[in-house]
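>>> What follows is a predicted protein model with its sequence.
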Protein chains: 2
Amino acid sequence: MTDTAAGAVALLKRHRSIRKFTDEPITDDMVNDIIGAGLAAATSSNLQGTTVIRVRNPETRSAIATLAGGQSYVESCAAFFIWCADLHRSAVACEMGGGTLSEGMTEHFIIATSDCSLAAQNAVVAAESLGLGICYIGGIRNDPQQVADLLELPDQVYPVFGMCLGWPDQDPMLKPRLPLSVTLKEERYDETNDRAGIEAYDKTLREYYLERTGGKRESTWTADMSGLLGKESRPHMKGFLADRGFTMR
Amino acid sequence: MTDTAAGAVALLKRHRSIRKFTDEPITDDMVNDIIGAGLAAATSSNLQGTTVIRVRNPETRSAIATLAGGQSYVESCAAFFIWCADLHRSAVACEMGGGTLSEGMTEHFIIATSDCSLAAQNAVVAAESLGLGICYIGGIRNDPQQVADLLELPDQVYPVFGMCLGWPDQDPMLKPRLPLSVTLKEERYDETNDRAGIEAYDKTLREYYLERTGGKRESTWTADMSGLLGKESRPHMKGFLADRGFTMR
């Protein structure tokens, strides 16, 4: 194994979200390198269904920080981006090529969402390899219409998540993940041992929370998932997406 | 910039899909390292909405190669995986935590699809840093029900894409991407220069196709997008997903 290889796998395995950044800036060259590396990721049928919008304006950042639920690091990070799943640009290309977008296909929604996520994750790896820290901001989907308005997004484009980039000013613990015995399966979806794996993970995660918060947070994965999935989550998304032309047919 | 950093960014920028592999195997330790690095990616609200199913059985691989449109490398690659967006496991956890899954939320579909894509892309970077080649197989969505049947996927789980891993036995050209002037924007979705950027890319891509195919393929991005988006694409996806519980409300 080469140093780069060992370094890359180790780098990937020590990812943590960073929410506190120093004041040090990031050069535009570095940003171009990171986003360029991101957009070099695989893309379904060469759709390239990703548009990245860098937000520098402090007022826009402040509005996004607020709508995302008061995430102040949206304002304080060195560079902030909104990652958009984009079928508008390819629809323009489709028309330039003599066609007309077949609107609202669920399949197109999936490939644009997946394309955007693949590219974003590649950018994360690029950034982290340079010593930067990152935090995804899914909270922008609290009010995606406001984000769309702020960024003047055309139809067939939706904001999937935000991303903070900056030089870390914290060194948080690694958050434990479900064991591979649960998440990596062979030949078929055999869930015989999943409940035992989840129970073991509950213990691990409980200890992690207690240690990270100095005893203040006591939770488990099953409790967290009950809170997350046991209620309606962003029920406006369907209508918002339909308004943007993602009618899911 | 450290060697690892320079190496990582350069590695990301030289990604190409590999569709021809040597017979050399990949050890299970290496697979665990790659998938473990993949699943260390960020996950929305700690959902961990990804399940990876490794398929070794030659008959299953053959069936998947066929339904994906005759992609023989699904059979010949050293390791083949189906990446699934999984809300079933977290629904089990939700119930263990005293809740009941709020079924069919579009938002949950987005986070599971995105989680799965982030993890897969991290695995790709891990694999490529080790010298392996990869190819995503979106063609499994040609017949996702057959894939679900072959792998005995429970409800609330859907196969997003397949992935071939193996030692490269080819060295394909780098496929050019849209210029950053089109895909990275500042403050708002300003598309003033997009058509010019697309036209320039059409020329670049045409030259790439001609060179790669020795003059056999002559196409452009606008022609490709007209073919891709100008017709219904996998119209069965909506019904398939609804049958799995992804009703998109």
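Sure, I can see it. Residues are numbered from 1 along each chain as shown, chains lettered A, B, ... in the order given.

>>> Tell me the spacing between the residue sitting furthest away from the middle of chain A and chain B.
Here the centre of chain A is the reference, and by CA atoms, centre = their mean the most remote residue is residue A:98, at 34.1 Å. Per CB to the nearest CB, to the nearest Å, residue A:98 is found 5 Å from chain B. For every residue, glycine as well, the C-beta is placed using N, CA and C.

>>> check contacts around that residue.
B:223, B:226, B:230 (CB atoms under 8 Å, 6 or more residues apart in numbering or on different chains).

>>> so how many other residues sit close to the last one?
Here the number of neighbours of residue B:230 (other CB atoms under 10 Å in any protein chain shown) works out to 17.

>>> Quick check on it: phi, psi?
phi -80, psi 10 (degrees, to the nearest 10).

>>> Return the distance of it relative to chain A.
On the measure of CB to the nearest CB, residue B:230 and chain A end up 3 Å apart.

>>> Chain neighbours aside, what residue packs nearest to that residue?
Nearest residue to residue B:230 in three dimensions, chain neighbours excluded: residue A:99, at 2.7 Å (CB to CB, 6 or more residues apart in numbering or on different chains).

>>> Can you verify my assumption that that neighbour contacts residue B:226?
Yes. Between residue A:99 and residue B:226 a contact is recorded at 3.4 Å, counting by CB atoms under 8 Å.

>>> now chain A, which segments are flagged as low pLDDT?
A:1-6 (pLDDT under 70).

>>> Any part of the longest helix seen in chain A near chain B?
Ranked by residue count and defined by DSSP state H, the top helix of chain A is helix A:106-129. Yes. Shown here: helix A:106-129 in contact with chain B (CB under 8 Å from any CB of the partner chain) through A:106-108, A:110-111, A:113-114, A:116-118, A:120-122, A:124-126, A:129.

>>> Can you flag the buried ones in these?
A:106-108, A:110-111, A:113-114, A:116-118, A:120-122, A:124-126, A:129 (16 or more other CB atoms under 10 Å in any protein chain shown).

>>> Dump stretch A:128-142 to PDB, restricted to CA.
Output of stretch A:128-142 as PDB, limited to C-alpha atoms (Å, rounded to 0.1, in the frame of the first residue of the first chain):
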ATOM      1  CA  GLU A 128     -10.300  17.300   4.200                       C
ATOM      2  CA  SER A 129      -7.100  16.100   2.400                       C
ATOM      3  CA  LEU A 130      -6.000  19.800   2.400                       C
ATOM      4  CA  GLY A 131      -6.600  20.000   6.200                       C
ATOM      5  CA  LEU A 132     -10.000  21.800   6.000                       C
ATOM      6  CA  GLY A 133     -13.100  20.900   7.900                       C
ATOM      7  CA  ILE A 134     -16.600  20.600   6.500                       C
ATOM      8  CA  CYS A 135     -20.100  20.400   7.700                       C
ATOM      9  CA  TYR A 136     -23.100  19.500   5.500                       C
ATOM     10  CA  ILE A 137     -26.200  21.700   6.200                       C
ATOM     11  CA  GLY A 138     -29.300  19.600   5.500                       C
ATOM     12  CA  GLY A 139     -31.200  22.200   7.400                       C
ATOM     13  CA  ILE A 140     -31.500  24.300   4.300                       C
ATOM     14  CA  ARG A 141     -34.400  22.000   3.400                       C
ATOM     15  CA  ASN A 142     -36.300  23.600   6.300                       C
END
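
>>> Only the buried residues of that stretch, if you could.
Judged by neighbour count using 16+ other CB under 10 Å, the buried positions of stretch A:128-142 are A:128-130, A:132-142.

>>> how's chain A carved up into domains?
Following automatic domain parsing, chain A resolves into domains at A:12-172+A:233-243, A:180-218.

>>> Deepest in the core, which of these is it.
domain A:12-172+A:233-243 (a mean of 21; mean count of other CB atoms under 10 Å in any protein chain shown).

>>> residues touching the closest residue to residue A:20 other than its chain neighbours, list them.
By the measure of CB to CB, 6+ apart, the closest residue to residue A:20 outside its immediate chain neighbours is residue A:170, 4.2 Å from it. Residues in contact with residue A:170 (CB under 8 Å, 6+ apart) are A:18-20, A:133.

>>> quick one: residue A:170 from residue B:58, how far?
49 Å (CB to CB, to the nearest Å).

>>> Can you classify the residue most central in space within chain A as helix, strand or coil?
Central residue of chain A (CA atoms, centre = their mean): residue A:136, 4.6 Å from the mean position. Assigned by DSSP: H, G, I helix; E, B strand; the rest coil, the conformation of residue A:136 is strand.

>>> Assess the claim that it and residue A:19 are in contact.
No. Between residue A:136 and residue A:19 there is no contact under CB under 8 Å: 10.9 Å.

>>> And chain B, is the longest strand along chain A touching that?
For chain A, the longest strand by residue count, based on DSSP state E, is strand A:157-166. Yes. Against chain B, strand A:157-166 shows contacts by CB under 8 Å from any CB at A:157, A:160-161.

>>> Those into JSON lines, with extra columns for distance to residue B:175?
As requested, the residues of strand A:157-166 next to chain B are exported to JSON lines (distance: CB to CB, whole Å):
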{"residue": "A:157", "distance to residue B:175": "23"}
{"residue": "A:160", "distance to residue B:175": "23"}
{"residue": "A:161", "distance to residue B:175": "26"}
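
>>> Now for the nearest residue to residue A:93 once chain neighbours are set aside: which residues touch it?
Leaving aside its chain neighbours, residue A:93 sits nearest to residue B:225 (4.0 Å; criterion: CB to CB, 6+ apart). Applying CB under 8 Å, 6+ apart, we find residue B:225 in contact with A:47, A:90-91, A:93-94, A:97, A:99.

>>> on that earlier part again, so which of the domains of chain A gets nearest residue B:75?
Of all the domains of chain A, domain A:180-218 sits nearest to residue B:75, with 15.2 Å by CB to CB.

>>> Now that residue A:175 has come up, it's in contact with residue B:43, right?
No. Using CB under 8 Å, residue A:175 is not in contact with residue B:43, being 9.2 Å away.

>>> Residue A:51 pairs with what?
residue A:84 (DSSP bridges).

>>> Now for it: which residues touch it?
Going by CB under 8 Å, 6+ apart, the list of residues near residue A:51 reads A:84, A:86, A:89, A:157, B:183-185, B:189.

>>> what's the farthest-apart pair in these?
A:157 and B:184 (14.2 Å).

>>> helix or strand right after the longest strand of chain A?
Sequence order places helix A:180-183 as the next helix or strand after strand A:157-166, per DSSP states H and E.

>>> how about the strands in chain A?
Going by DSSP E, chain A shows strands at A:50-55, A:79-86, A:133-137, A:157-166, A:184-186.

>>> Ok, which of those comes nearest residue B:243?
Of the strands of chain A, nearest to residue B:243 by CB to CB is strand A:184-186, at 21.4 Å.

>>> wait, does the closest one contact chain B?
Yes. Strand A:184-186 reaches chain B (CB under 8 Å from any CB) through A:184-186.

>>> Show me which of these is closest to residue A:52.
residue A:184 (31.0 Å).

>>> The closest one touches residue B:35, doesn't it?
Yes. Look at residue A:184 against residue B:35 with CB under 8 Å: they come within range, at 5.1 Å.

>>> shared neighbours of these two, anything?
Contacts common to residue A:184 and residue B:35, judged by CB under 8 Å, 6+ apart, are residue B:52.

>>> got the contact list for the residue lying closest to residue A:223 once chain neighbours are set aside?
Nearest residue to residue A:223, sequence neighbours excluded (CB to CB, 6+ apart): residue B:97, at 4.7 Å. Listed by CB under 8 Å, 6+ apart, the contact set of residue B:97 reads A:220-227, A:230.

>>> Could you measure from residue B:97 over to residue A:196?
Going from residue B:97 to residue A:196 by CB to CB gives 16 Å.

>>> try residue A:160
34 Å.
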